[in-house]
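Asker: Here's my sequence, what's the structure:
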Amino acid sequence: MRPERDGAGHMQMLLKIFIPVALPGIIAATIGSPAMNFIPCRLEENGSSLQVRLSDTIALPVPDSQATRYRPSAGRELIFGLGPEHITEPRRGERDEARSFNATLDVVEPVGMETRVYFRLDGTEVCGRVDPASAGQSGETMRLCANTDQMHPIDPRTDAVL
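Answerer: Numbering: from 1, shown residues only. Got it, this is the predicted structure:
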């Protein structure tokens, strides 16, 4: 990549190199619409496995493939980052009830090939993307499923993705 001769070109080249290496969590949070969900959580031991506690009633399992990486943070308050595309209606073949939960929908927003559903977890607004045929109405309870294979636990003290 050859830099431009003006200052703006140099800055663009630096950003193209620096951002993907140094700030992947920040980039994931700011690119796309709707933006990534950031939910206060607590990482907990659950027997020999780990879970992410999002509320008094919702605790999602940490995938076994990531448990070793996150175990040193067990017992800590973290931020649970998850893109709206990873909060969906339970789909055919998905039988993992541990990743499923009920949410009362605040807003249901049809946007063509998908419908965005907004709900609250302990006061934090959360967005998911569901199939229009399975979307409920505002005020209704809907069964949703979180793909925790795509989660990004974040240390709120440093803003670093674990």
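
Asker: So which bits of stretch 100-115 are buried?
Answerer: Neighbour-count burial for stretch 100-115, counted by 16 or more other Cβ atoms under 10 Å, picks out Ser100, Phe101, Ala103, Leu105, Val108, Glu114, Thr115. For every residue, glycine as well, the C-beta is placed using N, CA and C.

Asker: The second one: which element?
Answerer: Take DSSP states H and E as the rule and Phe101 turns out to sit in strand 100-111.

Asker: The helix or strand just after that strand: which residues count as buried?
Answerer: Downstream of strand 100-111, the next assigned helix or strand under DSSP H and E is strand 114-121. Buried residues in strand 114-121, counted by 16+ other Cβ under 10 Å: Glu114, Thr115, Arg116, Val117, Tyr118, Phe119, Leu121.

Asker: Same question for stretch 144-159.
Answerer: For stretch 144-159, a neighbour-count test (16+ other Cβ under 10 Å) marks Leu144, Cys145, Ala146, Asn147, Thr148, Met151, His152, Pro153, Ile154 as buried.

Asker: Ramachandran angles for the fifth one?
Answerer: Okay, so that is Thr148. phi -70, psi -10 (degrees, to the nearest 10).

Asker: Give me the helix or strand of the chain that scores worst on average pLDDT.
Answerer: Ranked by mean pLDDT, DSSP states H and E, the weakest helix or strand in the chain is helix 7-22, scoring a mean of 43.

Asker: Show me the domain layout of the chain.
Answerer: When the chain is parsed with automatic domain parsing, its domains come out as 1-31, 32-161.

Asker: now the strands for the chain?
Answerer: 37-46, 49-53, 59-61, 77-82, 87-88, 100-111, 114-121, 124-130, 141-146, 152-155, 160-161 (DSSP state E).
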